[in-house]
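**Student:** Just a sequence and a predicted model for now, questions to come.
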Amino acid sequence: GSARRTLQRRPGQQPRHPLSGGDKSGSSLQHRFDYYGWQPTELDLSDSELPHVIEIYDFPQDFSTADLLRVFCSYQKKGFDIQWVDDTHALGIFSSPVAARDALSSRHVLVKTRPLAQGTRAAKAKARACADFLQPAKERPETSAALARRLVIGALGVRSNQSTADRETERKKLQEARERKRLENKQREDIWEGRD
């Protein structure tokens, strides 16, 4: 019948979509959204978000992590780490916002720095994606080569060429570090328990 005739179309005729509003061409339906290529228009980070992280940029493309660590070597004792963004951008993670501000105010010959809030979109996106891993860098504990030397000597079966006095000095240094750590832990526990 007539209902069947309305559903049939002539060859070459565009199909009518019930929601397209009449006999318009199908071009309005051809527009598709590219979900894979979508990026947010702006990744705003406030100055209070990750204040211990800065963007390091405009350095030579062949720079390695060791080169960047060398530039910021004065911060390594207190804690400093690098998170790469691309070949010429990296995030500098400091032990505190104060250390990060200090690094921003310093002049560096081979690199430039800026607050993360003023950084590139890629740097902000990396910071957002890795926020859990961008915690303030911690100070390195005191270390000694004694254990490494003992393991190497034991594995190779050779005699140590270290003098007795040097060994004794190293042993005292380790003992002092252990004692200091024990006192810090005791003080922390005393404060927690409310003891004087």
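**Tutor:** Arrived safely, thanks for sending.

**Student:** count of neighbours near the closest residue to H108 other than its chain neighbours?
**Tutor:** Leaving out its chain neighbours, the residue that sits closest to H108 by C-beta to C-beta, 6 or more residues apart in numbering is V71, at 5.6 Å. In short, each C-beta sits where N, CA and C put it, glycine included. Number of residues near V71 (other C-beta atoms under 10 Å) recorded here: 19.

**Student:** For V71, give its distance to W84.
**Tutor:** Separation of V71 from W84 (C-beta to C-beta, to the nearest Å): 14 Å.

**Student:** still on that earlier bit, backbone phi and psi for the residue nearest to H108, please?
**Tutor:** V71 adopts backbone torsions of phi -60, psi -40, taken as degrees, to the nearest 10.

**Student:** Just to check, it is in contact with V111?
**Tutor:** Yes. Using C-beta atoms under 8 Å, V71 is in contact with V111, at 5.6 Å.

**Student:** what do these two both touch?
**Tutor:** Counting by C-beta atoms under 8 Å, 6 or more residues apart in numbering, no residue touches both V71 and V111.

**Student:** and A99, how many residues sit next to it?
**Tutor:** With other C-beta under 10 Å as criterion, A99 counts 22.

**Student:** if I pick it, what's in contact with it?
**Tutor:** Contacts of A99 by C-beta under 8 Å, 6+ apart are 52, 75, 78-80.

**Student:** closest to P97 among these?
**Tutor:** Among the contacts of A99, H52 lies closest to P97 (C-beta to C-beta), at 5.1 Å.

**Student:** what number of residues lie near the closest one?
**Tutor:** H52, neighbours per other C-beta under 10 Å, totals 20.

**Student:** what's the answer for the one 10 residues further on, then?
**Tutor:** Close neighbours of D62, defined as other C-beta under 10 Å, add up to 7.

**Student:** what do you get for P60?
**Tutor:** P60 - counted by other C-beta under 10 Å - has 10 other residues nearby.

**Student:** For A90, pull up the helix or strand it's in.
**Tutor:** strand 89-94 (DSSP states H and E).

**Student:** how much distance is there from that strand to the middle of the chain?
**Tutor:** 7 Å (C-alpha atoms, centre = their mean, to the nearest Å).

**Student:** average pLDDT for it?
**Tutor:** Predicted confidence along strand 89-94 averages 92 (mean pLDDT).

**Student:** Look up the closest residue to the most centrally placed residue in the chain, ignoring the ones flanking it.
**Tutor:** Nearest to the geometric centre of the chain sits Q83, at 4.1 Å (C-alpha atoms, centre = their mean). In this structure, Q83 finds its nearest non-sequential neighbour in L91, 4.2 Å apart by C-beta to C-beta, 6+ apart.

**Student:** about what we covered before: the strand holding A90 packs against which elements?
**Tutor:** If contacts are counted by 3 or more C-beta pairs under 8 Å, 6 or more residues apart in numbering; DSSP states H and E, strand 89-94 sits against strand 53-57, strand 80-86, helix 97-105, helix 121-129.
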